[in-house]
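K.L.:
sequence plus predicted model, see below.
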Amino acid sequence: MVYVTELWLPIVLSAVAVFVVSFIIHMLLPYHKSDYKKLPNEENLLEVLRKASVTPGTYFFPHCMSHKEMKSPEVVEKFKKGPVGLMTVIPSGPPMLPKHLVQWFVYSLVISFFVAYLTGRTVAAGAEYLAVFRVAGTVAFLGYAAAHATDSIWKGEAWSTTLKHMFDGLLYGLFTAGVFGWLWPR
């Protein structure tokens with residue numbers, strides 16, 4: 001058994017590696033540019049939302065308070081007529097990139113902490129690189145990628161977008177596994 005306290009260096013360095021890989025993916029590579037579409041007639045729709053005083057939150061439309069209401073003829077007609085959607089509204093103002101980057105790095109540290117915990121409980125000190133790589137990579141992949149499937153299942157996100165995020169998670173998992181395998185206590 002390897003204690004988490006012995007793994008502080010791979011925890012921090014794997015989070016840094018994920019942060020750098022994430023930067024490369026999102027700032028230098030073009031494959032996420034098609035993830036989001038522009039609303040048709042955007043300015044008019046934004047003005048309608050402003051007049052409605054829409055506050056930050058997640059909205060589902062047409063909205064129903066119960067399954068019983070969802071079956072009513074009026075609501076069924078609204079669903080048929082469309083549009084049907086899920087909308088997330090964030091606070092107004094320029095994107096808070098520093099805040100998001102800090103949250104992303106902290107999230108990466110949390111994932112790496114759990115990688116350290118589970119790998120330390122299942123792989124002995126002195127284990128071969130590949131043994132560490134397998135466990136650490138699996139845990140990291142699950143932490144970074146697996147939950148994205150629910151966005152397509154429940155929120156209607158395009159599977160192509162979800163699969164791109166899962167591919168990113170695979171890369172993050174591989175880099176995390178590589179760092180843990182490299183720095184595993186001998």
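P.N.:
Right, received. Where do you want to start?

K.L.:
figure out how far the one helix or strand in the chain whose mean pLDDT sits lowest is from the centre of its chain.
P.N.:
Using mean pLDDT, DSSP states H and E, the weakest-scoring helix or strand in the chain turns out to be helix 67-70, at a mean of 90. Per Cα atoms, centre = their mean, to the nearest Å, the displacement of helix 67-70 from the mean C-alpha position of its chain is 31 Å.

K.L.:
then stretch 47-55?
P.N.:
The answer for stretch 47-55 is 28 Å, by Cα atoms, centre = their mean.

K.L.:
can you check stretch 16-23 too?
P.N.:
For stretch 16-23, the distance to the chain centre is 14 Å (Cα atoms, centre = their mean).

K.L.:
and that stretch, C-alpha only, in PDB?
P.N.:
Once non-C-alpha atoms are left out, stretch 16-23 reads as follows in PDB (Å, rounded to 0.1, in the frame of the first residue of the first chain):
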ATOM      1  CA  VAL A  16      -0.300  20.500 -14.300                       C
ATOM      2  CA  ALA A  17       0.000  18.100 -17.200                       C
ATOM      3  CA  VAL A  18      -3.800  17.900 -17.600                       C
ATOM      4  CA  PHE A  19      -3.900  21.700 -17.500                       C
ATOM      5  CA  VAL A  20      -1.300  22.000 -20.200                       C
ATOM      6  CA  VAL A  21      -3.000  19.400 -22.400                       C
ATOM      7  CA  SER A  22      -6.300  21.100 -21.900                       C
ATOM      8  CA  PHE A  23      -4.800  24.400 -23.000                       C
END
